[in-house]
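In: Sequence and predicted model, in that order:
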Amino acid sequence: MKAFRASFWRQLTILANMASVSAGGKECLVSESLQKSVSTSAGSETTNNAENPKCLRLNSVIGDGDKENDLLFCGNLATGKEHVVYFGGDVQDFRENMLSHRDNHRHVRWCLEETATLLHRRFPEGNIWVVKPSAMYLKTLSVFCNFVETDGIGTPTFSENHGAMQHLIALLSNGMQLIKKLSSVDTRLMTSKENEANKDDGQDEVVRFTASFDKIQESQPDSLPVRLIGFSKGSVVLNQLLHEVHLVDKEEPIKNAFSRVTAFYWLDGGHAGNLNTWITDVSVLKNLRKINADLHVHVTPYQMEDSMRPWIAKEEKKFVSRLRSLGLNVIETKHFEGEDRSIEIHFLVLESF
């Protein structure tokens with residue numbers, strides 16, 4: 001309990017210049033309902049679709065077992081040449097949730113919808129999948145407990161197999177099947193109340209409808225290559241996946257999934273714990289030689305110069321050094337060197353990586 005309290009207060013201090021937390025919370029629970037709420041966000045009509053693609057929101061998509069996550073999809077399954085899967089950081093949430101938060105509205109530029117669009121511009125031939133955390137503690141702290149064991153505020157404890165890859169396989173498979181089922185539904189229906197509310201907020205048009213679907217029992221993922229991106233707290237999912245690479249020697253579905261992963265991107269990773277922000281265990285890292293993936297590390301002074309968490313920079317240096325000593329293809333990029341440490345440059349890595 002003492003460890004939890006210490007971690008909790010450390011996280012609140014870290015977030016002091018980012019957002020003040022409000023009362024209330026949400027436990028990491030999964031819904032038993034199969035009712036799916038779906039919405040699409042339309043981009044500006046003054047630019048082409050490649051620059052402002054529509055995002056499709058899929059709520060409570062079933063993954064492995066009874067685990068569920070909300071997804072944002074941005075792309076075209078018929079023409080996309082790869083999948084790009086993104087796990088975001090603290091504060092990042094759906095636009096309306098950030099706008100209604102007393103502090104996080106300041107960072108609405110980095111809401112999940114805007115991030116999905118940004119990623120689509122970065123990877124225009126990709127199918128962009130933004131995975132929303134299972135919970136947002138105090139509507140601010142991301143908790144990815146469906147992918148890695150965490151405490152209540154999202155601090156991870158890594159293990160040899162938490163089922164992270166299995167859950168990701170199922171999420172993408174069921175997400176794709178759900179989109180195909182929705183392809184014949186007219187999504188241009190909107191209640192006048194929703195339409196008027198969106199106009200008042202100055203937001204892009206948001207079209208909502210609700211549909212019910214049975215659980216997909218035997219859906220199979222396609223064979224497109226996959227890029228995995230973890231920003232800030234979202235890097236804990238990538239780190240758990242590293243711990244599961246050894247399963248390629250034991251489980252054929254996991255082997256097939258990892259064989260499709262072409263790249264990992266760690267974008268200014270961080271969490272509230274006092275170790276394992278970056279994985280330094282050589283027995284874990286050496287398993288990456290079993291797959292053919294590029295490794296991209298992007299950091300900023302926000303994490304590397306954090307005087308309250310000096311271990312982050314030390315671990316990142318060991319992470320990169322040990323990957324290179326193993327003969328792995330790792331590319332390290334340091335952004336905004338010489339600039340003052342701020343939350344803004346932390347978020348700006350999303351544009352500059």
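Out: All right, it came through fine.
In: hmm, who's touching stretch 238-253?
Out: Residues external to stretch 238-253 that are found in contact with it (CB atoms under 8 Å, 6 or more residues apart in numbering): 87, 147-148, 156, 158-162, 164-166, 168-169, 228, 230, 254-255, 258-259, 264, 266, 269, 276, 278-279, 284-285, 287-288, 290-291. C-beta: built from backbone N, CA, C; applies to glycine.
In: Just the buried ones from those residues?
Out: Among those, the ones that count as buried by 16 or more other CB atoms under 10 Å are 87, 147-148, 156, 158, 162, 164-166, 168-169, 228, 230, 254, 258-259, 264, 266, 269, 276, 278-279, 284-285, 287-288, 291.
In: Where do the helices of the stretch 251-353 of the chain begin and end?
Out: Secondary structure of the stretch 251-353 of the chain (DSSP state H, counting those that start in this stretch): helices located at 252-259, 282-285, 301-304, 311-325, 343-352.
In: now swap in the chain and tell me
Out: 2-14, 95-100, 112-122, 164-182, 192-201, 235-244, 252-259, 282-285, 301-304, 311-325, 343-352 (DSSP state H).
In: any idea of the mean pLDDT for the fourth one?
Out: Think helix 164-182. On average, the pLDDT along helix 164-182 is 94.
In: Also the second one?
Out: Mean pLDDT, helix 95-100: 97.
In: Pull the distance from it to the chain's centre.
Out: Relative to its parent chain, helix 95-100 has a centroid offset of 18 Å by CA atoms, centre = their mean, to the nearest Å.
In: Residues touching that helix, excluding its own?
Out: Identification of contacts with helix 95-100 by CB under 8 Å, 6+ apart yields 91-92, 104-105, 107-108, 111-114, 136, 139, 201, 203.
In: neighbour-wise, which of these leads?
Out: Neighbour counts for the contacts of helix 95-100 (other CB atoms under 10 Å) peak at residue 92, which has 30 neighbours.
In: these two touch, right, that residue and residue 142?
Out: Yes - counting by CB atoms under 8 Å, residue 142 is a contact partner of residue 92 at 7.2 Å.
In: returning to that earlier point: wait, which of the contacts of helix 95-100 is closest to residue 182?
Out: residue 113 (17.8 Å; CB to CB).
In: Surely that closest one touches residue 88?
Out: No - contact between residue 113 and residue 88 fails when scored by CB under 8 Å: they sit 11.3 Å apart.
In: how about low-confidence regions in the stretch 101-250 of the chain?
Out: Along the stretch 101-250 of the chain, segments meeting pLDDT under 70 span 184-221.
In: what do you get if the cut-off is 80, keeping everything else the same?
Out: 183-222 (pLDDT under 80).
In: returning to that earlier point: give me whichever of the helices of the stretch 251-353 of the chain is most buried.
Out: helix 301-304 (a mean of 22; mean count of other CB atoms under 10 Å).
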